[in-house]
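Engineer: Sequence first, predicted model second:
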Amino acid sequence: MNSTSITNAIKEAVPRNRDLLAILSETDHAPPALEQQKRYIDDLNNELSTIQKRIVVLDEQRAKEFKEHKKYRDSVMKRFAYRVGGKTDKFQARANKEEQEYFAVLQKERQAKEQEENIRVMRSKALEAQSDLEAEVDRHREAQEQLDSLYDSIFQGPTPNFPEEDRSEQNAESALNAYHNSRIVVETELQVVKLLSEAKTRLSHALGYTEEALSYSRMDMFGGGTFSDFMERNALDKADSEVNQMRLLMRQAQRMSRHVQDLPAVRIAGGSLLGDVLFDNIFSDMAFHEKIKDSRAALERAQGFLLNQLAQAKSRHEEAERDMNNYASVLETSREELQKARQRIFDRVADSNTDEQAIPADDPPPY
């Protein structure tokens, strides 16, 4: 290709070149973001598989415990035998134990199914986001392929007589790799922030339900009766469910970033509703009220720790974004320099009226 053809080719390629570079700039974030999103979905799939296996085990346990519970609940002959033998209290204690074990497993199974549903929702949203990113990645790849084809049509293979173009191209490639690596860090820390923010919301809900339980517990101490017992346990059950969701989110955040630490232990007060009805008195009510207060204190400690973890994650994300923006600037500059280097080559070729094999103007003159 002679110098005139190169110059004409460059002039014709300028608008297309500009459009393709704009598309690349808009979609540079997509490849690393998609990579991170796929890792996140893999993690959700693993969580879903784990919780489904747990549900199967809990379902088997529930069926077993129900048989034992029903046997003691409905066994008139056993009750009569214990009464004749003067062991009514022993029968009631065994029945109460079977009732507690059955409802404990029932509660665990219900909470596990809630977790399963939450994970399914999270995965559904993540898959939608992945689909959007895949479209952006396709757009990025197509623009890059068209740009490469455009340059190949002008340079037509290696250009050993134009070393400045080769150096600029290598710098642009290195800058792109650095930007992609920084973008992965940004996407990871952003995901951690989202997970910790949701964990904070779950913990706040658990605190709200615990306060609600304390309110009913105070009522119960002053003669609230069965209704207060029921509402108190219902609120604690909801608090426990929120805590379980919080733990799930924390595990996911920890897998995303080694900087996320374990929260202080949290245990929501629990007990037997049947026991409350049968053995209800001011002393048992006061003792359980203290247990609920202990649960609230544990939640408040965890909340303080979680807020600190969230603040640190936000700080890491902001720092990673600053680094990424610096790499983006370097990438943009390197791409601009590559274009300028090629333009200088084209200009020299046109000015010297030589072809691509001519000695570049910046080479040392022969002696």
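Structural biologist: That came through fine.
Engineer: Quick one: list the elements packing against the helix or strand containing residue 123.
Structural biologist: Element membership for residue 123, per DSSP states H and E: helix 88-155. Counting contacts by 3 or more Cβ pairs under 8 Å, 6 or more residues apart in numbering; DSSP states H and E, helix 88-155 packs against helix 3-27, helix 30-74, helix 76-84, helix 225-256, helix 273-278, helix 282-352. Where C-beta positions appear, they are placed from N, C-alpha and C, glycine not excepted.
Engineer: what about 6 Å?
Structural biologist: Applying 3 or more Cβ pairs under 6 Å, 6 or more residues apart in numbering; DSSP states H and E, one finds that helix 88-155 contacts helix 3-27, helix 30-74, helix 76-84, helix 225-256, helix 273-278.
Engineer: which of those helices is buried the deepest?
Structural biologist: Scoring the helices and strands packed on helix 88-155 by mean neighbour count under mean count of other Cβ atoms under 10 Å gives helix 225-256 as the most buried, with a mean of 20.
Engineer: Now do the same for that one: mean pLDDT, whole number.
Structural biologist: Taken as a whole, helix 225-256 carries a mean pLDDT of 87.
Engineer: do stretch 268-285 as well
Structural biologist: Averaged across stretch 268-285, pLDDT comes to 58.
Engineer: What of stretch 324-343?
Structural biologist: Mean pLDDT, stretch 324-343: 87.
Engineer: Any buried residues in it, and which?
Structural biologist: Neighbour counts using 16 or more other Cβ atoms under 10 Å place 324, 327-328, 330-332, 334-335, 337-339, 341-342 of stretch 324-343 among the buried residues.
Engineer: Can you tell me which of those residues lies closest to residue 44?
Structural biologist: Of all the buried residues of stretch 324-343, residue 44 sits closest to residue 324, with 25.0 Å by Cβ to Cβ.
Engineer: element containing the closest residue in space to that closest one that isn't next to it in sequence?
Structural biologist: Closest residue to residue 324 apart from its sequence neighbours, by Cβ to Cβ, 6 or more residues apart in numbering: residue 182 at 4.1 Å. Assessed by DSSP H and E, residue 182 sits inside helix 163-221.
Engineer: Please work out the average pLDDT along that helix.
Structural biologist: Per-region confidence: helix 163-221 scores 90 on mean pLDDT.
Engineer: Which strands and helices lie in contact with that helix?
Structural biologist: helix 30-74, helix 225-256, helix 282-352.
Engineer: got the angle for the first one vs helix 163-221?
Structural biologist: Right, helix 30-74. Angle, helix 30-74 to helix 163-221, by axes from the mean of the first three to the mean of the last three Cα atoms, to 10 degrees: 20 degrees.
Engineer: Same check on the longest one?
Structural biologist: Using the same axes, to 10 degrees, the inter-axis angle of helix 282-352 relative to helix 163-221 is 170 degrees.
Engineer: How many neighbouring residues does the closest residue to residue 265 other than its chain neighbours have?
Structural biologist: Closest residue in space to residue 265, ignoring its immediate chain neighbours: residue 298 at 6.8 Å, by Cβ to Cβ, 6+ apart. Neighbourhood size, residue 298 [other Cβ atoms under 10 Å]: 19.
Engineer: Quick check: the gap between residue 298 and residue 253.
Structural biologist: In this view, residue 298 and residue 253 are 20 Å apart by Cβ to Cβ, to the nearest Å.
Engineer: Over to residue 28?
Structural biologist: 26 Å.
Engineer: which outside residues touch stretch 251-266?
Structural biologist: 43, 188, 191-192, 195-196, 243, 298-299, 301-302, 305 (Cβ atoms under 6 Å, 6 or more residues apart in numbering).
Engineer: again, only this time at 7 Å
Structural biologist: By Cβ atoms under 7 Å, 6 or more residues apart in numbering, the residues outside stretch 251-266 that reach it are 43, 188-189, 191-192, 195-196, 243, 250, 298-299, 301-302, 305-306, 309, 312, 316.
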